[in-house]
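S.K.: no letters, just coordinates:
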DNA sequence: GGCTGTGAACGGCTTCACAGCG
DNA sequence: CGCTGTGAAGCCGTTCACAGCC
């Protein structure tokens, strides 16, 4: 199925997992990988992997498998990670800093292009090679740098204002760590509150309840 | 439907969202809330909320709605958050620290009962009111404190070892921030790699692709 | 009349089974 | 013969529509 449009969000969310595994496999010197091996290493099923990839075209060779580097590049193209993608991080607290460090480690295809914080004490300081800028500058800086991806790691009261500024600057997707519901007609927001995640896991903690989580 | 067993994981993951909203509503002085109002405030649909709650019993009053405090308590019972639940945090880096801070803020029903790190420099220091302990002590401390819930915020190479120790200590559910696939027969693991999440969002960033995320 | 609780319809993702090709 | 690509079937969660009750 070549470009039939309407890709499941679940498929998109698995592509980075394939990407990471392909990177490892490539470093191990393997040039070809089967959906079965990829399945074993990711904990998914081989059918699911083949189906995911088939949404975007026929990347494999029947009887053989997938060319590791070729598939890696194909997935990067799909996600738009061929050139390093600039990311704006708003909030230079522990969480923002943790995220910046994360992105600096592995070659994820992403790099931190701007860091913002509303605390004057933090502004001007360096965090992960970036000078922390004032929150008032978000729209302008984001627009001029052509940043389309951002993370919100600010206290709840500032979250809506931050969203507005990022949207105004032209950002199209946001990872939101604050516990407030953020919505915007022109921005895809993925909400991810750490407390909430842990609270849900409490259900499974005692071992009495179900057994599957995400 | 009273205790029909087999609750969707999606339902469980929404319960903490209801909990937070109920807390806000209670603070605003409201004693009763309808599924419609709850839906507006959470961004979900009223049918979904009613169905979620109905899995566990009939908490509402027809024609009226749900008693705020009663429902709050009911959900806390379901999640096992009636008494404060102790959580172990492994890894006292930025991410671990961010998580600790998060849990200290709102009354989430969770509290950080132990913090571990393999770095001797960090051991003995205080982080969020807890002395950082050596990773070698995980199993023993976790078992003695009766901790059933934990978060892993350590570098990838240490992740498997950490899982083993937590499982040995009797932990039943883990929030894993490291990018390695963790599995264990007796432990529910929720994997949540920040880089992966952002990479997936890159697909939606340019605004060209689909429009829905989680 | 209003709002909950729920069977039924729907839709989307996963699993199955196999055809197609190297 | 092995492994990919894919229609079909199955499954699970969401949405719909309404019966039931206050």
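M.R.: Perfect, thanks for sending it. Because the structure is a prediction, the values reported are computed rather than measured. Numbers count the residues shown, from 1 in each chain, chains lettered A, B, ... in the order given.

S.K.: how's chain A carved up into domains?
M.R.: A:9-79, A:85-197 (automatic domain parsing).

S.K.: quick check, the shortest one touching DNA strand D?
M.R.: What that stands for is domain A:9-79. Yes - judged by CB under 7 Å from any atom of the strand, domain A:9-79 comes into contact with DNA strand D through A:33-36, A:46-47, A:50-51, A:53-54, A:58-66. The C-beta positions use only the backbone N, C-alpha and C, and glycine is treated the same way.

S.K.: circling back: which one of the domains of chain A lies nearest to residue B:72?
M.R.: In terms of CB to CB, the element of these nearest to residue B:72 is domain A:85-197, at 15.2 Å.

S.K.: who's in contact with the nearest residue to residue A:93 once chain neighbours are set aside?
M.R.: Sequence neighbours aside, residue A:153 is the residue nearest to residue A:93 in space, at 6.4 Å (criterion: CB to CB, 6 or more residues apart in numbering or on different chains). By CB atoms under 8 Å, 6 or more residues apart in numbering or on different chains, the residues touching residue A:153 are A:89, A:90, A:91, A:93, A:95, A:96, A:99, A:177, A:178.

S.K.: related to what we said a few turns ago, can you tell me which of the residues of domain A:9-79 next to DNA strand D are buried?
M.R.: Neighbour-count burial (16 or more other CB atoms under 10 Å in any protein chain shown) applied to these gives A:33, A:34, A:35, A:50, A:53, A:60, A:65, A:66.

S.K.: isn't the first one up against residue A:18?
M.R.: No - with contact defined as CB atoms under 8 Å, residue A:33 does not reach residue A:18; the gap is 9.7 Å.

S.K.: identify the contacts common to these two.
M.R.: With CB under 8 Å, 6+ apart, residue A:33 and residue A:18 have common neighbours residue A:71.

S.K.: so which of the buried ones among the residues of domain A:9-79 next to DNA strand D are in strands?
M.R.: Judged by DSSP state E, these include A:33, A:60, A:65, A:66 as members of strands.

S.K.: bridged to the last one, which residues?
M.R.: Per DSSP bridges, the residues bridged to residue A:66 are residue A:33, residue A:60.

S.K.: would you check that it makes contact with residue A:33?
M.R.: Yes - under the criterion of CB under 8 Å, residue A:66 is in contact with residue A:33, at a separation of 5.5 Å.

S.K.: please name the nearest non-neighbouring residue to residue A:161.
M.R.: residue A:135 (7.8 Å).

S.K.: neighbours around that neighbour, how many?
M.R.: Residues lying near residue A:135 (other CB atoms under 10 Å in any protein chain shown) number 19.

S.K.: that one is in contact with residue A:90, isn't it?
M.R.: Yes - Residue A:135 lies in contact with residue A:90 (CB under 8 Å); the separation is 6.9 Å.

S.K.: returning to that earlier point: restricted to strands, list the contacts of residue A:153.
M.R.: The strands, defined by DSSP E, take in A:89, A:90 from these.

S.K.: would you mind listing where chain A has pLDDT under the threshold?
M.R.: A:1-5, A:208-214 (pLDDT under 70).

S.K.: report the longest strand in it, please.
M.R.: strand A:110-117.

S.K.: deepest of the domains of chain A, which one?
M.R.: domain A:85-197 (a mean of 20; mean count of other CB atoms under 10 Å in any protein chain shown).

S.K.: surely residue A:98 and residue B:101 touch.
M.R.: No - Residue A:98 lies out of contact with residue B:101 (CB under 8 Å); the separation is 11.0 Å.

S.K.: that older thread, reformat the ones in strands among the buried ones among the residues of domain A:9-79 next to DNA strand D as a markdown table; add distance to residue B:206.
M.R.: As requested, those are exported to a markdown table (distance: CB to CB, whole Å):
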| residue | distance to residue B:206 |
| --- | --- |
| A:33 | 28 |
| A:60 | 27 |
| A:65 | 31 |
| A:66 | 26 |
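
S.K.: which two of the residues you listed have the greatest separation?
M.R.: A:33 and A:60 (9.4 Å).

S.K.: run through who's touching whatever helix or strand residue A:71 lives in.
M.R.: Using DSSP states H and E, residue A:71 sits within helix A:68-79. Defining contact as CB under 8 Å, 6+ apart, one finds that helix A:68-79 is touched by A:12, A:15-16, A:18-19, A:22-23, A:25-26, A:30-33, A:53, A:56-57, A:59-60, A:82, A:109, B:199-200, B:202-203.

S.K.: among the residues you listed, which ones are in strands?
M.R.: Those of the contacts of helix A:68-79 lying in strands (DSSP E): A:32, A:33, A:60.

S.K.: fine, thanks again, bye for now.
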